[in-house]
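Asker: Just to be clear, the model below is a prediction. Sequence and coordinates:
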Amino acid sequence: MLTAEEDVEITSLRKRGWSISAIARHIGRDRKTVRAYLSGEREPGVRTRPEPDPFDRVEPYVRQRLGEDRHVRATVLFAEVVALGYGRAYPTFTRQLRDRGLRPHCEPCASSNGRAHVDIDHPAGEEIQWDWLELPETPWQAKAYVLVGALAHSDRFRGWFSEADDQAHLIVGIDEVLRRIGGTPRRWRVDRMATVIVPGSDRVQRSFAPVAKHYGVGIDPCPPRHGNRKGVVEKMIDYLTQSWWRTAQVTSMAEAQASLDRFCVEVADHRVRQIPVESVEPEPCAPARGDIHSPDGVGVRAVEASRRVTVAELADAEPLLALPAAPYPVEVTVVRTVAANALVSLWGNRYSVPPGLVGGHVQIRWRHGADTISLHTAGVVITVHRLAPRGAQRTVRLPEHTKALENVVLGAFSTARACPRKLNRPPSDAALALAAELLGDRGADPIIDLDVYRRVVDGEDTA
């Protein structure tokens, strides 16, 4: 490939009468190359490809995906086209996206600018940051909340799906996330959520203080109007939203939880980070403990070497505190409507109730860590069930509930033939009489005097 300068030079030499062989020897190129540029078969700065570009095969798919969702991340698209047989590297893929202008322009996003910030040093094992991700639209047609906990030092994060963001669901989510991480840092960083911090102050809620004592940690609320103070978890929420949730193929909360767990382990933990390496001896070109431009060793520090590690390697090296053997025993309360088959749904399973409650509401209570749930109505316990694993799609029926439901169904069953549906049944005389009473004078038939019409036609006086 010739540069634009070389193309100008060979054109000038050719006009001066030089032969192609002489020009080729002069610039150190092959004669066929010189001849192709002089004839216009090739353009300067454009490299010819010996074979079709592999991106041409997947371009229609990429164009369609970006037309449907202009904000889908390039890493997500790259993983999809690799599964379709694209064999080039990620930088080549992103260059093709830019060169071909495949991503549609978004003016609102292009006009928004960030603000200055300072990177905060987070010692290993010191802090975990918590925040809620609210999903107003889900494939199962119900709002969902995802509690995300991110280690501030290593960026390892885990999430837990909940149907509410009250304090009970928060405490359950914290324990689930920590057990997926494998321990807890010494400090918990939260925003000024009312379930943890007393509104308008920096004080921890009295109802949440026993939770922190149970896990042996301290609580650090973010300063007012300092959203970037917990930037690690906010960035992780943006990452999992764009890289996982936007393209996740799930139909229920249980499927979403299982998919999120796999994504965190198989994808998120394998992200690569650059960390500095403290050199035992200074580089030959840099004075010890100083700058290469500072003979007396005072000034900007010399550039330190770095090495590549994964998020999993960084997180595994963090000194986390051990978790208690049992979770904090918070009680979770949810309300369910009893279906026509005398069942209520809870976390991917169904549990029986007496058939007399069909169509009504029952309150389900579960103490975190217990293996049973209790169902209440009007403050009275109506039944207790053993809790099935989440998302197991099990139907748990008590024998007495099954027998009672059978009795109700059989009692309402009849062997009589159904009434015919195509008969003519106009209103009876009795019904018409009642209708006439309701209508009064409005319902009386009008009296038509034909003699009046005759006099009008004959021109006689009708007064």
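Answerer: Happy to help now that I have it. Numbering: from 1, shown residues only.
Asker: make it CA atoms for all contacts and neighbour counts henceforth
Answerer: OK.
Asker: Could you report the neighbour count for D155?
Answerer: Each residue near D155 was counted by other CA atoms under 10 Å, and the total is 24.
Asker: likewise A254?
Answerer: A254, neighbours per other CA under 10 Å, totals 17.
Asker: and what of A268?
Answerer: Residues near A268, counting by other CA under 10 Å: 23.
Asker: List the contacts of it.
Answerer: Each residue near A268 by CA atoms under 8 Å, 6 or more residues apart in numbering is listed here: 156, 311.
Asker: before we move on, what about the one 5 residues further on?
Answerer: Under the criterion of CA under 8 Å, 6+ apart, the neighbours of R273 are 308-311.
Asker: now those as a markdown table including distance to A142, secondary structure and neighbour count?
Answerer: Listed next are these as a markdown table, based on distance: CA to CA, whole Å; DSSP: H, G, I helix; E, B strand; the rest coil; neighbours: other CA atoms under 10 Å:
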| residue | distance to A142 | secondary structure | neighbour count |
| --- | --- | --- | --- |
| R308 | 41 | strand | 10 |
| V309 | 39 | strand | 14 |
| T310 | 36 | strand | 18 |
| V311 | 33 | helix | 19 |
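Asker: Please enumerate the strands of this protein.
Answerer: Remark: strands assigned in the chain by DSSP state E are 127-135, 144-151, 157-162, 187-190, 218-221, 272-277, 305-310, 331-337, 343-346, 349-352, 361-367, 372-377, 380-386, 395-396.
Asker: got the ones you listed as CSV, with distance to T402 columns?
Answerer: Conversion of these to CSV gives the following (distance: least, CA to CA, whole Å):
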stretch, distance to T402
strand 127-135, 37
strand 144-151, 32
strand 157-162, 30
strand 187-190, 47
strand 218-221, 49
strand 272-277, 55
strand 305-310, 54
strand 331-337, 18
strand 343-346, 11
strand 349-352, 8
strand 361-367, 18
strand 372-377, 17
strand 380-386, 13
strand 395-396, 10
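Asker: Quick one, which of those gets closest to R70.
Answerer: Closest to R70 of the strands of the chain is strand 127-135 (CA to CA; 19.6 Å).
Asker: In the closest one, which residues are buried?
Answerer: Using 16 or more other CA atoms under 10 Å as the test for burial, strand 127-135 gives 127-134.
Asker: quick one: which of the strands of the chain is nearest V72?
Answerer: Between those, strand 127-135 lies closest to V72; by CA to CA that is 17.1 Å.
Asker: From the contact counts, what lies against the closest one?
Answerer: Packing contacts for strand 127-135, counted by 3 or more CA pairs under 8 Å, 6 or more residues apart in numbering; DSSP states H and E, involve strand 144-151, strand 187-190, helix 231-243.
Asker: Mean neighbour count and mean pLDDT for those - can I get that in CSV?
Answerer: Shown next, in CSV, are the helices and strands packed on strand 127-135 (neighbours: other CA atoms under 10 Å; pLDDT from 0 to 100):
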stretch, mean neighbour count, mean pLDDT
strand 144-151, 24, 96
strand 187-190, 20, 94
helix 231-243, 18, 93
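Asker: What is the burial count for A168?
Answerer: 18.
Asker: Report the separation between it and F208.
Answerer: Relative to F208, A168 is positioned 10 Å away (CA to CA, to the nearest Å).
Asker: P221 now?
Answerer: Taken as CA to CA, the span from P221 to F208 is 13 Å.
Asker: okay, these two: which has more neighbours?
Answerer: Taking other CA under 10 Å, P221 and F208 do not tie; P221 has more neighbours (20 against 16).
Asker: State the pLDDT value of the more buried one.
Answerer: We have a pLDDT of 91 for P221.
Asker: Can you name the residues that contact it?
Answerer: Counted by CA under 8 Å, 6+ apart, P221 has contacts 189-192, 197, 202.
Asker: How about the contacts made by the most centrally placed residue in the chain?
Answerer: Per CA atoms, centre = their mean, the C-alpha nearest to the average position across the chain is that of W245, at 3.1 Å. With contacts defined as CA under 8 Å, 6+ apart, W245 has no neighbours.
Asker: what's the spacing between it and T333?
Answerer: 27 Å.
Asker: which residues make contact with stretch 306-315 from outside it?
Answerer: Against stretch 306-315 from outside (CA under 8 Å, 6+ apart): 151, 153-156, 268-277.
Asker: Got a quick PyMOL command for the buried subset of those residues?
Answerer: To isolate the buried ones among the contacts of stretch 306-315 in PyMOL, judged by 16+ other CA under 10 Å, type:
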select buried, resi 151+153+154+155+156+268+269+273
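Asker: what distance separates stretch 85-96 from the centre of its chain?
Answerer: On the basis of CA atoms, centre = their mean, to the nearest Å, stretch 85-96 sits 25 Å off its chain's mean C-alpha point.
Asker: So which bits of it are buried?
Answerer: Using 16+ other CA under 10 Å as the test for burial, stretch 85-96 gives 86, 93.
Asker: Extract the CA atoms of it and return them as CSV.
Answerer: This file holds the C-alpha atoms of stretch 85-96, laid out as CSV (Å, rounded to 0.1, in the frame of the first residue of the first chain):
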residue,chain,number,x,y,z
GLY,A,85,-19.2,-17.2,13.3
TYR,A,86,-17.4,-13.8,13.2
GLY,A,87,-13.7,-14.6,13.7
ARG,A,88,-12.0,-11.2,14.0
ALA,A,89,-10.8,-9.4,17.1
TYR,A,90,-12.9,-6.9,19.1
PRO,A,91,-10.9,-3.8,18.0
THR,A,92,-11.5,-4.8,14.4
PHE,A,93,-15.2,-5.1,15.1
THR,A,94,-15.5,-1.7,16.7
ARG,A,95,-13.4,-0.1,13.9
GLN,A,96,-15.9,-1.6,11.4
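Asker: what's the average pLDDT for it?
Answerer: 92.
Asker: what's the domain layout of the protein?
Answerer: Domain assignment for the chain by automatic domain parsing gives 4-39, 55-105, 127-274, 331-411.
Asker: If anything else comes up later, I'll come back, but that's it for now.
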